[in-house]
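Enquirer: Have a look at this prediction, sequence included:
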Amino acid sequence: MKQKKAYKYRFYPSDEQKHILAQTFGCCRYVYNWALRERTDAYYQRGERLYYEGTAQRLVTLKKQEGTIWLNEVSSVPLQQSLRHLDKAFRNFFEGRAEYPTFKKKRHQQSATYASNAFTWDGHTLTLAKMDAPLSIVWHRPLPDSCKPSSVTVTRDEANRYFVSILIEEDIKPLEVTPKMVGLDLGLKSMVITSDGHTYGNPQFFAKDEKKLAKAQRRHAKKKKGSKNRAKARLKVARLQKKIADRRRNYQHHLSTHTIRENQVVCVESLSVKNMVKNHGLAKAISDVGWAEFVRQLEYKAAWYGRTLVKIDKWYPSSKRCFDCGHLLDSLTLDVRSWTCPECGVVHDRDINAAKNILAAGLAVAACGEAVRPGAVKTNLGKPQRSRKASS
Ligand SMILES: [Zn+2]
């Protein structure tokens, strides 16, 4: 099965490359923001819908105008790609998956995407359009042999680090079938609790980094606005934030890969994180453990390796139901970590009981292809797996 897979590496540009990239990022940002305004104005002022093709035609005119002639100094390919990114942002908005597109800011992460006609890959080195020398990439893991990258995205993050993400189509072989199955519950104390009683990902793991971050943020706030020291302090905050995000992401990848490798069927609760984050007391804990990202990773890795991920309705009462006798409690507040079933007398660890229920509900779905509550359970059983663009 062919799957699109992105490989991300850090690289260290030369001064000249930094200069070319800065120019390219600037032009991409300009074109993106310009096209966003064009599309917004077309709609709100004239009631017209402007799409990718329309903006691409207007870009040709824009590049001929005196005020914006500098757009010709960079490769034209990333500029067109910016229009495509914007088009995708609009599609996500129209289809209800995202908010209305917003303007890109200089201070945020910068990026430029090069389609295959704007870079060369010789099997060892990667050279971007308008550059004489290849990028100096840290190959912390090899690209698959004789792969053909379809596009390359270069980013500079808020901590001034440069990354290149290389998109390739890859033949991924499904893993050997295993009889093991598992239910996962999202915990607050641990990120994941499994139906066989394992816990993973203690948030304390990140506590030290967070203390450092809080200190750096206080320092930044005290510096005079517009001063060089403030800019320096801001960079320090950005670096720490990135470091924390990287560690978290690495951990999630490690755990999702492990889970998918070990189990044929993985059952999870599809929590609506957006709604839960609004509940303030829980907010930090839930954003921290990054459940949504974790489930996303499980989903595409399951597709890659021929595993089944079953998502259970978020309203399924997995915590309040006794796994042993099915008795349903009226309520169970979040601070109750263990409870005794009034019906059968079994003492439950809150999270393990929930994970067991999730597994049972997931298997019920898997066995008969029916919803536990009709129409409310998502399952990818029996449906063809779509190819997914994702990084691992
Ligand atoms: Zn019971």
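Expert: The structure has been received and is ready for your questions. The model shown is predicted, which means the values in this text are computed figures rather than measured ones.
Enquirer: okay, CA-based contacts and neighbour counts for the rest of this
Expert: Will do.
Enquirer: Roughly how far does Ala6 sit from the ion?
Expert: 47 Å (CA to the ion, to the nearest Å).
Enquirer: Three-state assignment for that residue, please.
Expert: Assigned by DSSP: H, G, I helix; E, B strand; the rest coil, the conformation of Ala6 is strand.
Enquirer: Surely it and Ile168 touch.
Expert: Yes - contact criterion CA atoms under 8 Å: Ala6 and Ile168 qualify, at 6.3 Å.
Enquirer: Tell me how many other residues crowd the residue in the stretch 101-250 of the chain that the ion sits nearest to.
Expert: Nearest residue of the stretch 101-250 of the chain to the ion: Ser195, at 16.6 Å (CA to the ion). Using other CA atoms under 10 Å, Ser195 has 23 other residues around it.
Enquirer: got the buried residues for the top helix by length along the chain?
Expert: In the chain, taking DSSP state H as the definition, the longest helix is helix 228-262. Going by neighbour count (16 or more other CA atoms under 10 Å), the buried part of helix 228-262 is 230, 233-242, 244, 248-249, 252-253, 255-257, 259-262.
Enquirer: Run through the neighbouring helices and strands of it.
Expert: Counting contacts by 3 or more CA pairs under 8 Å, 6 or more residues apart in numbering; DSSP states H and E, helix 228-262 packs against helix 207-222, helix 291-305.
Enquirer: what about 10 Å?
Expert: Judged by 3 or more CA pairs under 10 Å, 6 or more residues apart in numbering; DSSP states H and E, helix 228-262 is in contact with strand 181-186, helix 207-222, strand 265-269, helix 280-289, helix 291-305.
Enquirer: ok, the residue nearest to Arg230 when sequence neighbours are not counted - contacts?
Expert: Nearest residue to Arg230, sequence neighbours excluded (CA to CA, 6 or more residues apart in numbering): Lys223, at 5.1 Å. Residues in contact with Lys223 (CA atoms under 10 Å, 6 or more residues apart in numbering) are 229-234.
Enquirer: Of the residues you listed, just say which sits nearest to Tyr200.
Expert: Arg234 (32.8 Å; CA to CA).
Enquirer: Need the per-residue pLDDT for the closest residue to that closest one other than its chain neighbours.
Expert: Of all residues not flanking Arg234 in the chain, His220 sits nearest, at 6.0 Å (CA to CA, 6+ apart). pLDDT, His220: 93.
Enquirer: just the strands in the stretch 51-200 of the chain please.
Expert: 110-115, 119-121, 126-128, 151-156, 162-171, 181-186, 192-194, 199-200 (DSSP state E, counting those that start in this stretch).
Enquirer: which neighbours do Ala6 and Ile168 share?
Expert: Joint contacts of Ala6 and Ile168 (CA under 10 Å, 6+ apart) are 143, 149, 151-152, 389.
Enquirer: from those residues, which would you call buried?
Expert: The buried subset of these (16+ other CA under 10 Å) comprises 143, 149, 151-152.
Enquirer: List, one by one, the residues from this protein near the ion.
Expert: Within the chain, the positions near the ion by CA under 5 Å from the ion are 322, 325, 341, 343-344.
Enquirer: Repeat the analysis, applying 8 Å as the threshold.
Expert: By the rule CA under 8 Å from the ion, the part of the chain lying against the ion is 321-327, 340-346.
Enquirer: can you pull the buried residues of stretch 348-362?
Expert: For stretch 348-362, by 16+ other CA under 10 Å, it's 348, 350-362.
Enquirer: and that stretch, what's its mean pLDDT?
Expert: 91.
Enquirer: That one: how far from the chain's middle?
Expert: 27 Å (CA atoms, centre = their mean, to the nearest Å).
Enquirer: again with stretch 104-114
Expert: With CA atoms, centre = their mean as the basis, stretch 104-114 stands 17 Å off its chain's centre.
Enquirer: pLDDT on it, on average?
Expert: Mean pLDDT, computed over stretch 104-114, is 95.
Enquirer: Use 581 as the first number from now on
Expert: Got it, first residue is 581 now, which makes that one stretch 684-694.
Enquirer: what comes up buried for it?
Expert: Neighbour count says stretch 684-694 has 689-694 buried, by 16+ other CA under 10 Å.
Enquirer: Equivalent analysis for stretch 876-888, please.
Expert: For stretch 876-888, a neighbour-count test (16+ other CA under 10 Å) marks 877-888 as buried.
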